[in-house]
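Engineer: Predicted model and sequence below, questions to follow.
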Amino acid sequence: MTDRHLIPKAINPLHQLRVMGRLVRRASKKPGTAPGTLVHTGPKKMERVRIRFLDYDADQLREAEPTSIEECLYLKDLPTVSWINVDGLHDIGLLEKVGQHFGWHPLMLEDIVSVGQRAKVEEYQDAVFIVLPMLSWDTERQQISEEQLSLVLGENYVFTFQEREGDVFDEVRERIRTERGRIRKSGPDYLAYALMDAVVDHYFRALEGIGDLTESLEGEVLLDPKEHTMHVLHSLKRELIAVRRSIWPLRDMMNSLLRNENGLFSSTTRIYLRDVHDHSVQVLDTVEALRDVSSGMVDLYLSTVSYRTNEIMKVLTIMASIFIPLTFLAGLYGMNFEYMPELHLRWAYPTLLGVMAAMGLGMVAYFKRKGWF
Amino acid sequence: MTDRHLIPKAINPLHQLRVMGRLVRRASKKPGTAPGTLVHTGPKKMERVRIRFLDYDADQLREAEPTSIEECLYLKDLPTVSWINVDGLHDIGLLEKVGQHFGWHPLMLEDIVSVGQRAKVEEYQDAVFIVLPMLSWDTERQQISEEQLSLVLGENYVFTFQEREGDVFDEVRERIRTERGRIRKSGPDYLAYALMDAVVDHYFRALEGIGDLTESLEGEVLLDPKEHTMHVLHSLKRELIAVRRSIWPLRDMMNSLLRNENGLFSSTTRIYLRDVHDHSVQVLDTVEALRDVSSGMVDLYLSTVSYRTNEIMKVLTIMASIFIPLTFLAGLYGMNFEYMPELHLRWAYPTLLGVMAAMGLGMVAYFKRKGWF
Amino acid sequence: MTDRHLIPKAINPLHQLRVMGRLVRRASKKPGTAPGTLVHTGPKKMERVRIRFLDYDADQLREAEPTSIEECLYLKDLPTVSWINVDGLHDIGLLEKVGQHFGWHPLMLEDIVSVGQRAKVEEYQDAVFIVLPMLSWDTERQQISEEQLSLVLGENYVFTFQEREGDVFDEVRERIRTERGRIRKSGPDYLAYALMDAVVDHYFRALEGIGDLTESLEGEVLLDPKEHTMHVLHSLKRELIAVRRSIWPLRDMMNSLLRNENGLFSSTTRIYLRDVHDHSVQVLDTVEALRDVSSGMVDLYLSTVSYRTNEIMKVLTIMASIFIPLTFLAGLYGMNFEYMPELHLRWAYPTLLGVMAAMGLGMVAYFKRKGWF
Amino acid sequence: MTDRHLIPKAINPLHQLRVMGRLVRRASKKPGTAPGTLVHTGPKKMERVRIRFLDYDADQLREAEPTSIEECLYLKDLPTVSWINVDGLHDIGLLEKVGQHFGWHPLMLEDIVSVGQRAKVEEYQDAVFIVLPMLSWDTERQQISEEQLSLVLGENYVFTFQEREGDVFDEVRERIRTERGRIRKSGPDYLAYALMDAVVDHYFRALEGIGDLTESLEGEVLLDPKEHTMHVLHSLKRELIAVRRSIWPLRDMMNSLLRNENGLFSSTTRIYLRDVHDHSVQVLDTVEALRDVSSGMVDLYLSTVSYRTNEIMKVLTIMASIFIPLTFLAGLYGMNFEYMPELHLRWAYPTLLGVMAAMGLGMVAYFKRKGWF
Amino acid sequence: MTDRHLIPKAINPLHQLRVMGRLVRRASKKPGTAPGTLVHTGPKKMERVRIRFLDYDADQLREAEPTSIEECLYLKDLPTVSWINVDGLHDIGLLEKVGQHFGWHPLMLEDIVSVGQRAKVEEYQDAVFIVLPMLSWDTERQQISEEQLSLVLGENYVFTFQEREGDVFDEVRERIRTERGRIRKSGPDYLAYALMDAVVDHYFRALEGIGDLTESLEGEVLLDPKEHTMHVLHSLKRELIAVRRSIWPLRDMMNSLLRNENGLFSSTTRIYLRDVHDHSVQVLDTVEALRDVSSGMVDLYLSTVSYRTNEIMKVLTIMASIFIPLTFLAGLYGMNFEYMPELHLRWAYPTLLGVMAAMGLGMVAYFKRKGWF
């Protein structure tokens, strides 16, 4: 058994449970407020909103990081593919300006800021709105952290909104810059595919983290189950419940993208989407398998503890069954009655010792025959 | 560990179980009575029926709280949007008058008073009848209370029937009064949407309550599982069973509203209904996740208790295994036989003490090697 | 805690299990016999077959209880609605006569006498054949008893066959007699609906009984779980398995009635059937919820027993751990060695007493710190 | 409690498990061999193949038991209905001859000899190929034995292949001989129905056996759970898993027969097939219910054993808690210190006896108040 | 009980778990890289890539093992059926050449090298791409090893890619060489069928291995459950989870092949594919049954251990309850009080012995009546 089976000491199930309190997301909006009312429901994860755009076609590429959203609005009228990425969702004004300029439905804006949406695809008049969870593995806390990606695909642009800066899309940016693959020769639908593909590829990373934790736990349950082991196992199961809930809608969502024949996705790109669909299903399969394994671990834990209690009871019962009768006999001849004839017999003591030895050995033989040791 | 993990002392599982006796609703109607026979099946939750209406279009707004239903009947013939809200269902006469005037099917009236219906949408000739459960969190008793909302959408009116007064619709009223959002410019279908949206938004509030209780319980199971913990956990699971049963039909119901292309809901409003559908599914997801977590807590409880029993047994076995043989030895030399040569040996006593110490230490070493402490 | 949480003493799980042996129905027919061979497979539940009929239209009503079936056959040719009810199924000759006169398929007759059929709707050339389970709560034995209702709907008649007399249809009879509701003005399809509605309404009564038993059990599991508690719980679960099996096919059956557009049910009546469908689903929901609750009770029982064993072990371990070492010490100085210098020291006895007190208190402190009491 | 609740002594779970090793059927064919390669995969269950045929129409009947298959081949060209039954599958040559003469697809022949196929219906150019499991209850070994029936329905013939002789079809033969029912007046499709009906009717017999065993086990778990009880319960559950796997595909198979409008089954016969479908579903329902009940028995077993351990611990703890402190006190005054003033007091002994009695009674009162007895 | 119920000593659950760490496959590709980027994700299982081809029609056969892929490319233009098999996937250059020459979609190439794909069928312009898991039983380690087979079916060729050399296809090769069956007379679609059939046939072999292990485990749980037993059982369950995940998509995949009417598979071959579909479903059924059985074993294990703990507790309680009171009595009369009148009575000692015997026998009788032994 090597170190990899040791659960990181840092894991504090109580802490994790508190963080995972996200099972029920806090709603900050007042129930009944008008739809399209923009209230950012997540924690503010970064100081100021960061805007970056890439505008390209097969021949040219422009890249910039403007300080205000107004500098991006003209991209709408260019024939090139524009990808505008916004990190940070708390600037409601910015969103309203974008929404108005690009003619987005108020519900779409509401969904962008109300993080914690289910994965979904919604078709509006001239835009497809996609919500995807982004999962990443926090190696320090040994848990998964989740974020919402909102993607708006228009005729010649892709907007992406993230809760905070991340490196998920760096590789895609690099591909655009270096003209690797067919991305520069394709339209915004292919860009949208490439971004979704990057998100789904990242799921595997998160699952690797959770898979490692599962294996460590399995080793601990097999070798040395402790109370803490069960606590970590419980928090792992909770983690899996949360992940499954996030990822479950993906399959339906990808299916509806694939089936939609007259949308903004070209048939060439839809072949690529099929690949993302396959990966989504694979992620789901893995989560289900991990859930099954973690259920098995509960059985294993309970069985092991039961078995050990059984072993302990055997030791106790053997010790007590051998010595309690002997102690009684010793006590018997320790009594102070005046008239106890045995006490005065010459061979009484050695005889008794012999009887005691016989009784003890008899007990041992009995338990051996019962297969107790 | 902070206070938030302490389960409110007030929780009395037996009391809650009794209240939750609602798993099987008492039927007050005699089986076999004619359909359309109006018998209010719920408890009478308020003294007298309260009627309020709002009548509006883009330009004007009338609001009133008439004392009798007759004062509302003329609204049927106005071209404006009329929203008549009735709190309290025990006035059968009132309902019959409304039903007759607006030409409603007798089964519809029966469903309004027979509270405890499943969520459903039913299309009648010129009205859509919607039944929705309303959930709210009773912070004092730490449990969910449920009520039935019946909504009738006609060509130019919306009727809502609640079991008792509540504040769920206050925000919608405010939006109508202050002309916030598009509600004043839209028809009764949008009003119906706004009301359903408010109801579903409230579900999240109820789930937050139940989520907090779940977390408190989880803390208690982790740190200090007691018999009472399991009782509260059982009543939580029962609560979740009841909530799930209420909310489960929502998805199908919303789906049938969305799919219905030639009903009273305009295509513009149906985009908004899609949002309510999403929220319903999210609520369901959350309830399922909470159920999974509470199942995990049962495992955790059982494992923890088993583990602790194991630990206790270890202490007992170690103590007994060390001292029972020693006590036997002491008893042996406490016997009063006349002829026990050892008793008269000078070094017998210290030798025996040494043997005893060796035996004791041997036992300790044995248990240590077994990893028992 | 009041008396309602006490399980009726009369409940004898072994007896109930024997009665519930119905999980696998005894087949009395020889496998491979020709279809349409009429063998009554249930126990004979009444002495002689009882026939009653009601023949009516909007204007007139005839009611009779003929002694032989021949007196009913002429009803076939009347334009009025005829409802012939037969209680008792063991008179094969009677059935054959009816079948021949009304032109029924032999399989239909076979299903009428082979009780224990699944709920189903079957369309024949000019009749609809409906099989429905009838459930009622036997308050004495605290269990559900089940019976089969076979209903044949023809163009102008309804035949109902029950295993024994019951009061389920009394209210419907009363409505016909007193011209309450629209039953007298409607055709035989409405009558069939009214009868099915009465049967389904009765399910709620049966569920109330089972719900009360569930609550009583829950109270007992919470307060004082005994071996008998678990036995009753097991027989409750078995009861629910049987009920679920009976009711499960109802939904599909009602759906196929609703979807069938060109059958004997008019579109007006189908609106009413939708109501029966809703009630069937509600019954199913309730049974599922009761099953979930009873599963939860098993967990609760096991947890409670485990917890109590744990508590008992604590007491034993504390007592044993405190006194076994002290007893050893006392035994030590009870030995009869000649040379035990301590025995002759003046302060040895009180010193030892002090040491013993210290050891005992030390143990108590140790267990207290461990949180054992 | 009567004898019927005693599990037959003859049941040897280990033996049964070995027999039931059929969960994974041994494949005797080399993977990758050409399709249509005939290798009989089951054990040879009878010495020599037995062939019997019945050839009939409404007016005439021929019955024979030829020694070689060649004597049957001419039946293909007769207009009458021919039923050829073959018991024993190890004569590959015979099958090849039949296959060639009747023009069957090689895969069909392969399926006939590769026993252990799933129930299925396959349509070939001018034959319908049906595979059905035959279940029967082995009362001696208290377990179900399974066999494969292959049925080929051609335009004017029915072939049936069984692994060994059985009496399942005797009743059908009798009906043909005695012209009971409509079998003689109907075509081969009705004969195929009659045979399938006989097979499915036999399932109920097998389920009765398994139901009786279930009840016996239930009684034993309730009254006196032993280690052997759990072993038999486990083998019952395994039996149910195997039965369910065999019967599960029946529903789909019957459905596809019912839906097929232009096959060899006439619409008149399809009404009868609906009956077989109903019975199949009923069998499945029963198996599911038995599985649920047997799961409940595991819970019952575990709960009962836990409860009894709890009771045993109570006895131990009460005995130990009362007497261990008293024994300590007795040991205390058995010490041999020179200076123990109490020893010389006149009332010391009776006083100590009093104290001991008080302590003992105090303990008893404490445990009584705790509700331990 | 024979040896076959002994679990091979070689089984080391921890080792197996580590190998089975494949639950979450390591992704070696950087998330977000361009689709079609070829990175072999599995371990390199053989030194150098091995290429073999068979080119045949009804009249001729060519077989070769070229050292470079260039020597195969001309096969594309021959009208004969060519089967090119590649063992080993790490030569990316080779794959790129093949892909370019045969005009395959980049995603197809990516899937060939990214082993661990779900089973799937994908239709491209003029090729069908099939991914199938290959399972084999490693008798030494008593576990299943999995490999990916990629099969590309073109108009006149079949390409197969395996991770390493194996003997799964030897029989098919032999059939081609010896002109057994119809393979030489059929097109590449039949060849593809034959290969898939061989793969699925091999599943049964793997299941036999796992079935044997299951039976051994069952014997051990029945006869002598140890901690190691549960560990092996857990690794068996994990194995089944992994196998099920691999095989689950097969059914859908085979279905989509069967339904596809205008693909590369002729209708004659599709009849054979139906057979593969049946086998896939049978494999799935078996895996499900094994999962059910292994769940049952966990119950059996827990019940057995609980029952044995119960038995052990009985022994302890009986011994302690009999002797602890007697020891107390003996201790009582071992006290050294000066005034203990009983000590000086002549018949005190024999009387006490009598009382002790009575107490002991009374206890024995009490426990006997309780049914404890």
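Structural biologist: Everything's here; your move.
Engineer: May I have the predicted confidence score for A:Pro43?
Structural biologist: For A:Pro43, the model assigns a pLDDT of 72.
Engineer: again, but for the one 5 residues further on
Structural biologist: Taken from the predicted model, the pLDDT recorded for A:Arg48 is 84.
Engineer: Just confirm it contacts A:Gly88, I think it does.
Structural biologist: Yes: using Cβ atoms under 8 Å, A:Arg48 makes contact with A:Gly88 at a distance of 6.8 Å. Every residue, glycine included, has its C-beta placed from N, CA and C.
Engineer: Could you check which of the two has the larger neighbour count?
Structural biologist: Set A:Arg48 next to A:Gly88 and count neighbours by other Cβ atoms under 10 Å in any protein chain shown: A:Gly88 wins out with 20 against 10.
Engineer: For that one, which residues are in contact?
Structural biologist: Counting by Cβ atoms under 8 Å, 6 or more residues apart in numbering or on different chains, A:Gly88 touches A:44-46, A:48-50, A:162-165.
Engineer: Please tell me how far it sits from A:Val158.
Structural biologist: Distance, A:Gly88 to A:Val158, by Cβ to Cβ, to the nearest Å: 18 Å.
Engineer: same check, this time on A:Arg50
Structural biologist: From A:Arg50 to A:Val158 the distance is 17 Å (Cβ to Cβ).
Engineer: Which one of the two is surrounded by more residues?
Structural biologist: A:Val158 (25 against 15).
Engineer: Is that one in a helix, a strand, or coil?
Structural biologist: strand (DSSP: H, G, I helix; E, B strand; the rest coil).
Engineer: A:Tyr193 too?
Structural biologist: With three-state DSSP as the criterion, A:Tyr193 reads helix.
Engineer: can you tell me which residues contact the nearest residue to it once chain neighbours are set aside?
Structural biologist: Excluding the flanking residues, the one nearest A:Tyr193 by Cβ to Cβ, 6 or more residues apart in numbering or on different chains is A:Tyr272, at 4.9 Å. Neighbouring residues of A:Tyr272 by Cβ under 8 Å, 6+ apart: A:190, A:193, A:197, E:35, E:107.
Engineer: what's near enough to touch the last one?
Structural biologist: So the one you mean is E:Leu107. E:Leu107 neighbours (Cβ under 8 Å, 6+ apart): A:271-272, A:274-275, E:35-36.
Engineer: average pLDDT across the strand or helix carrying it?
Structural biologist: For E:Leu107, the enclosing helix or strand under DSSP states H and E is helix E:106-113. Average pLDDT, helix E:106-113: 91.
Engineer: so what pLDDT did the residue in chain A that chain C sits nearest to get?
Structural biologist: Relative to chain C, the nearest point of chain A is A:Gly334 (6.8 Å; Cβ to the nearest Cβ). In this model, A:Gly334 is scored at 93, pLDDT.
Engineer: repeat for A:Leu223
Structural biologist: For A:Leu223, pLDDT reads 86.
Engineer: quick check: angle from the helix or strand harbouring A:Ile271 to helix E:267-332?
Structural biologist: Taking DSSP H and E as the criterion, A:Ile271 maps to helix A:267-332. Here helix A:267-332 runs at an angle of 20 degrees relative to helix E:267-332 (axes from the mean of the first three to the mean of the last three Cα atoms, to 10 degrees).
Engineer: Correct me if wrong: the residue of chain A closest to chain C contacts B:Gly334.
Structural biologist: Yes: A:Gly334 is in contact with B:Gly334 according to Cβ under 8 Å; the separation is 4.2 Å.
Engineer: so what's in contact with those two at the same time?
Structural biologist: C:334, D:334, E:334.
Engineer: now these as a markdown table including neighbour count, distance to B:Glu218 and secondary structure?
Structural biologist: Converted to a markdown table, these look like this (neighbours: other Cβ atoms under 10 Å in any protein chain shown; distance: Cβ to Cβ, whole Å; DSSP: H, G, I helix; E, B strand; the rest coil):
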| residue | neighbour count | distance to B:Glu218 | secondary structure |
| --- | --- | --- | --- |
| C:Gly334 | 26 | 53 | coil |
| D:Gly334 | 26 | 53 | coil |
| E:Gly334 | 26 | 55 | coil |
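Engineer: Can you redo the residues you listed as CSV, where the extra columns are distance to A:Gln100?
Structural biologist: As requested, the shared contacts of A:Gly334 and B:Gly334 are exported to CSV (distance: Cβ to Cβ, whole Å):
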residue, distance to A:Gln100
C:Gly334, 97
D:Gly334, 98
E:Gly334, 100
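Engineer: Closest to chain A out of those?
Structural biologist: For the shared contacts of A:Gly334 and B:Gly334, the closest approach to chain A (Cβ to the nearest Cβ) belongs to E:Gly334, at 4.2 Å.
Engineer: and chain A, which of its residues are near chain D?
Structural biologist: A:Gly334 (Cβ under 8 Å from any Cβ of the partner chain).
Engineer: If you rank every helix and strand of chain A by mean pLDDT, what lands last?
Structural biologist: helix A:13-19 (a mean of 54; mean pLDDT, DSSP states H and E).
Engineer: Quick check: phi and psi at the closest residue to chain D within the stretch 201-350 of chain A.
Structural biologist: Closest residue of the stretch 201-350 of chain A to chain D, Cβ to the nearest Cβ: A:Gly334 (6.8 Å). Torsion angles at A:Gly334 (phi, psi; degrees, to the nearest 10) stand at phi -100, psi 0.
Engineer: repeat for A:Phe53
Structural biologist: The phi/psi pair for A:Phe53 (degrees, to the nearest 10) reads phi -140, psi 150.
Engineer: cool, and A:Gly154?
Structural biologist: Dihedral angles (degrees, to the nearest 10) for A:Gly154: phi -110, psi -170.
Engineer: That one and A:Leu78: what is the separation?
Structural biologist: Taken as Cβ to Cβ, the span from A:Gly154 to A:Leu78 is 12 Å.
Engineer: neighbour-wise, which of those two wins?
Structural biologist: Neighbours of A:Gly154 and A:Leu78, each counted by other Cβ under 10 Å, are more numerous for A:Gly154; the result is 19 against 13.
Engineer: In contact with the more buried one, which residues?
Structural biologist: By Cβ under 8 Å, 6+ apart, the contact set of A:Gly154 is A:76, A:102, A:126-127, A:188, A:264.
Engineer: Just the buried ones from the residues you listed?
Structural biologist: A:76, A:102, A:127, A:188, A:264 (16 or more other Cβ atoms under 10 Å in any protein chain shown).
Engineer: Tell me who's in contact with the last one.
Structural biologist: Listed by Cβ under 8 Å, 6+ apart, the contact set of A:Leu264 reads A:127-128, A:153-155, A:188-189.
Engineer: Would you show me how to pick out the buried ones of the contacts of A:Gly88 in ChimeraX?
Structural biologist: Buried residues within the contacts of A:Gly88, by 16+ other Cβ under 10 Å, are selected in ChimeraX with:
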select /A:49,162,163
